[in-house]
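A.B. asks: The following block contains a protein sequence and its predicted model.
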Amino acid sequence: MIRVEEIHKSFGEDHILKGISTVFDQGKTNLIIGQSGSGKTVFLKCLLGLFEPEAGRIYFQDTAIQDMDEDQKTDLRKDMGMVFQGSALFDSLNIEENVMFPLRMFTKKKKSDMLDRVNEVLARVNLEGVNHKYPSEISGGMQKRVAIARAIVNNPKYLFCDEPNSGLDPRTAILIDNLIQEITREYNITTVINTHDMNSVMEIGEKIVFLQQGTLAWQGDQTQIFKTDNKSVTDFVYSSDLFKKIRDIQLQEKK
Amino acid sequence: MKYLQDIGSYFLMLRTVFSRPTKGSVLKELIYKEVDELVINSLGIVAFISFFVGGVVAIQTALNINNPLIPDYLVGFATRQSIILEFAPTFISIIMAGKMGSFITSSIGSMRVTEQIDALEVMGINSLNYLVLPKIVALCFYPFVIAIAMFLGILGGWVAGVYGGFSTSEAFIRGLQEDFITFHVIYAFIKTFVFAFILATVPSWQGFYMKGGALEVGKASTNSFVWTSVLIILANFIITSLLLS
């Protein structure tokens, strides 16, 4: 579980996060949504410890990251997995080496054990026979799967994903979303996903945090988001023609 | 003001490079890889340039000696002095600022742009130690490159001098031995070590702290070459003033 209390973050004169408080539950896919520039990425980077908030506290289980010393922060980061928007696979390493990377850095396992674990997680993300290929030799969807495999290979307690299905076709995007949700439940981890994809919201939004101009404008789940009267949320959710039509159909059915 | 900030961030980077070390077995592999990419892969171009520039130095020296009072071994002497004191350590290092420096900046800069450095940080890895320390250690072998440049530069001078008919082999070799001061070689290697450190760290700093996209990676590579060359020239002047004047 991750608990966020009143965090503020500014860059120079720009006050990006204005006192956000929420809880991300364990074993659930927690989504941060909002328009571009709403502060989603800054919020996620604060959770990851890449940005330090000026005020407020972020608790991992019961310990605030602000109270941790450098060693504790390093240990915490070993419990984190991250799937970056562009996958962020290491170009100079092949797929097997990329996935094995956290194991090599943080465990004392034998190479054969590490290889077994790598093959296990690659099979879990439905990727086999690509071990010796380089990131540039596989598709964007496969790169995302490798990034997920790398993120979970060391059994993290927290999984963060920054727009995991951006740049993917709708079918692959749904596969990636479902994969993340399955892994979240299977490993009972706290997953936080930064997205503005409404398909993801419908598919896997077990908890949704809606940010608007650096403030938490609404939070709920995937069923509540389509019923809310919050204008900011409805403007965001029904900004596409598809969802407008869905709403019209729903309203006609109600009548 | 920006220059002061840049100098500050460079020294803060150096402090971080030498803290929170990467796991030994991983570091060892990274060092081997950097030795291969930075040192071994530079040998070809260094050998080519050194041999031919050595030849040019010998020919130009010979062509400028018209006075019969000047001994004929001066061709070998001038070639040796030019190659050992300046050409091999300083000018090869400036050429390497272009080759190695732009490679280091663009590879680290690309990692920054594609969030690979963020990925390292999120995993709890000291990315500066992981990326820069192996380069510093690998470039401890850089003096071997310069030693090869010295040897091939002088060999090129001998080949051009003797086979071009500008000098005899005996006179050239006598010139190489004439007034030989061992400290000149020590001085050349002292400055080579300093240049190696500049070559490893300044391009890394440019790449690590760059912001933006692919275009900025190109700009950072250019800046890296300019600043590395400037610092090599400045360091050369300071070391020469301290050790030889």
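C.D. replies: Sure thing, it's come through.
A.B. asks: Count residues in the vicinity of residue 11, would you?
C.D. replies: Chain wasn't specified; assuming chain A. 9 (other Cβ atoms under 10 Å in any protein chain shown). Bear in mind the C-beta positions are built from the backbone N, C-alpha and C, glycine included.
A.B. asks: To clarify, I was referring to chain B.
C.D. replies: 11.
A.B. asks: three-state assignment of it?
C.D. replies: Following DSSP: H, G, I helix; E, B strand; the rest coil, we place residue B:11 in the helix state.
A.B. asks: State the pLDDT value of residue 138.
C.D. replies: Since you didn't name a chain, this refers to chain A. On pLDDT, residue A:138 comes in at 93.
A.B. asks: sorry, should have said chain B
C.D. replies: pLDDT at residue B:138 comes out at 96.
A.B. asks: now do residue A:254
C.D. replies: 66.
A.B. asks: again with residue A:250
C.D. replies: 69.
A.B. asks: what's the answer for residue B:231, then?
C.D. replies: pLDDT, read off for residue B:231, is 96.
A.B. asks: What's the local residue count around the residue in the stretch 51-200 of chain A positioned nearest to chain B?
C.D. replies: Residue nearest to chain B within the stretch 51-200 of chain A (Cβ to the nearest Cβ): residue A:77, separated by 3.2 Å. Residue A:77 is flanked by 19 other residues according to other Cβ under 10 Å.
A.B. asks: now swap in the one 4 residues further on and tell me
C.D. replies: Neighbour count of residue A:81, defined by other Cβ under 10 Å: 27.
A.B. asks: Kindly report the same for residue A:148.
C.D. replies: Residue A:148: 25 neighbours (other Cβ under 10 Å).
A.B. asks: From the contact counts, what lies against the strand or helix carrying it?
C.D. replies: Take DSSP states H and E as the rule and residue A:148 turns out to sit in helix A:140-152. The elements that helix A:140-152 packs onto, with contact taken as 3 or more Cβ pairs under 8 Å, 6 or more residues apart in numbering or on different chains; DSSP states H and E, are strand A:80-83, helix A:95-106, helix A:111-124, helix A:170-187.
A.B. asks: Make CSV out of those and add distance to chain B and mean pLDDT.
C.D. replies: What follows is the helices and strands packed on helix A:140-152, written out as CSV (distance: least, Cβ to the nearest Cβ, whole Å; pLDDT from 0 to 100):
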stretch, distance to chain B, mean pLDDT
strand A:80-83, 4, 90
helix A:95-106, 6, 93
helix A:111-124, 10, 92
helix A:170-187, 17, 86
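A.B. asks: so of the ones you listed, which one's packed in deepest?
C.D. replies: Most buried of the helices and strands packed on helix A:140-152 by mean neighbour count (mean count of other Cβ atoms under 10 Å in any protein chain shown) is strand A:80-83; its value is a mean of 25.
A.B. asks: Identify all contacting residues around it.
C.D. replies: A:48, A:88, A:144, A:147-148, A:150-152, A:154, A:156-162, A:164, A:180, A:189, B:118-119, B:122-124 (Cβ atoms under 8 Å, 6 or more residues apart in numbering or on different chains).
A.B. asks: Reformat the helices and strands packed on helix A:140-152 as TSV; add distance to residue B:224.
C.D. replies: Putting those into TSV (distance: least, Cβ to Cβ, whole Å) gives the following:
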stretch	distance to residue B:224
strand A:80-83	29
helix A:95-106	27
helix A:111-124	36
helix A:170-187	37
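A.B. asks: one step back: so which of the contacts of strand A:80-83 belong to strands?
C.D. replies: A:158-162 (DSSP state E).
A.B. asks: gap between the one helix or strand residue B:207 maps to and the chain center?
C.D. replies: If you go by DSSP H and E, residue B:207 is part of helix B:182-208. Distance of helix B:182-208 from the chain centroid (Cα atoms, centre = their mean, to the nearest Å) equals 6 Å.
A.B. asks: and it, what does it pack onto?
C.D. replies: helix B:2-17, helix B:92-113, helix B:127-138, helix B:142-163, helix B:214-243.
A.B. asks: So for residue A:29, what's the pLDDT?
C.D. replies: Per the predicted model, pLDDT is 92 at residue A:29.
A.B. asks: oh sorry, the question was meant for residue A:207
C.D. replies: 92.
A.B. asks: which non-adjacent residue is nearest it?
C.D. replies: Spatially, and ignoring its direct neighbours in sequence, residue A:207 is nearest to residue A:30 (4.4 Å; Cβ to Cβ, 6 or more residues apart in numbering or on different chains).
A.B. asks: ok, that neighbour touching residue A:191?
C.D. replies: Yes. Applying Cβ atoms under 8 Å, one finds residue A:30 in contact with residue A:191, separated by 6.3 Å.
A.B. asks: The residue of chain B found nearest chain A: what's it in contact with?
C.D. replies: Proximity of chain B to chain A (Cβ to the nearest Cβ) peaks at residue B:124, 3.2 Å away. Listed by Cβ under 8 Å, 6+ apart, the contact partners of residue B:124 are A:73-78, A:80, A:106.
A.B. asks: Perfect, I'm done here.
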